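>>> the amino acid sequence is not available; the structure is as follows:
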């Protein structure tokens, strides 16, 4: 099952009673056997994959582990960034509260492909494809380029409004039949 997560909602419950509301807890009220296959940051909107059984969860997890799932994100970043590129480094958590990730020689490999979608007056809309799936990967990589995602209170400066990061599409082989699946959501403007 693929669902559209709004910005501001946790993918799964956090620590403490005030962080129990989440996408998976809401979905499990209607279908108790659901499991998260992957997560999105609280402030990232977009498509998220859920499994209806343990077998489905295992199979989908294997697809992610073998990098057979393609994810496409849309972001609006500060400044004008033209063309396309590849960002590759090693990411590690540099700060705990709030969590902040960045380049570190002992971090885990992280790779992001990007290309310009539209140049606006003071910002740029990008298409982004994470090859790896590290925490805060897209946010950290764009901040490292000097073009933080608009609305990013952790990696940007003077963040105003919601985080402009949206998980726009997922493509993967069906976990049981192997047939190609592609799911797209509308963007946010």
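That came through, no problem. The model shown is predicted, which means the values in this text are computed figures rather than measured ones. Numbers count the residues shown, from 1 in each chain.
>>> the most centrally placed residue in the chain and residue 106, how far apart?
Nearest to the mean C-alpha position of the chain, by CA atoms, centre = their mean, lies residue 40 at 4.7 Å. Distance from residue 40 to residue 106, counting by CB to CB, to the nearest Å: 26 Å. C-beta here means a position set from N, CA and C on the backbone, and glycine is covered the same way.
>>> check which residues of the longest helix anywhere in the chain are buried.
If you go by DSSP state H, the chain has its longest helix at helix 54-65. Using 16 or more other CB atoms under 10 Å as the test for burial, helix 54-65 gives 56, 57, 59, 60, 63.
>>> with stretch 158-175 instead?
For stretch 158-175, a neighbour-count test (16+ other CB under 10 Å) marks 159, 162, 163, 164, 165, 166, 167, 168, 169, 170, 172, 175 as buried.
>>> please enumerate the helices of this structure.
Applying DSSP H to the chain gives helices spanning 23-30, 54-65, 137-144.
>>> quick one: closest of the ones you listed to residue 97.
helix 137-144 (16.4 Å; CB to CB).
>>> packing partners for that closest one?
Helix 137-144 sits against strand 70-78, strand 84-95, strand 100-103, strand 108-119, strand 123-130, with contacts defined as 3 or more CB pairs under 8 Å, 6 or more residues apart in numbering; DSSP states H and E.
>>> quick one: end-to-end distance for stretch 4-15.
Using CA to CA, to the nearest Å, the end-to-end distance of stretch 4-15 comes out at 23 Å.
>>> average pLDDT across it?
Here stretch 4-15 scores 93 as its mean pLDDT.
>>> need the contact partners of it.
19-25, 36, 39-48, 162-163, 167, 185 (CB atoms under 8 Å, 6 or more residues apart in numbering).
>>> 10 Å - rerun?
If you take CB atoms under 10 Å, 6 or more residues apart in numbering as the criterion, stretch 4-15 is touched by 19-27, 36, 38-48, 151, 161-167, 183, 185-186, 188.
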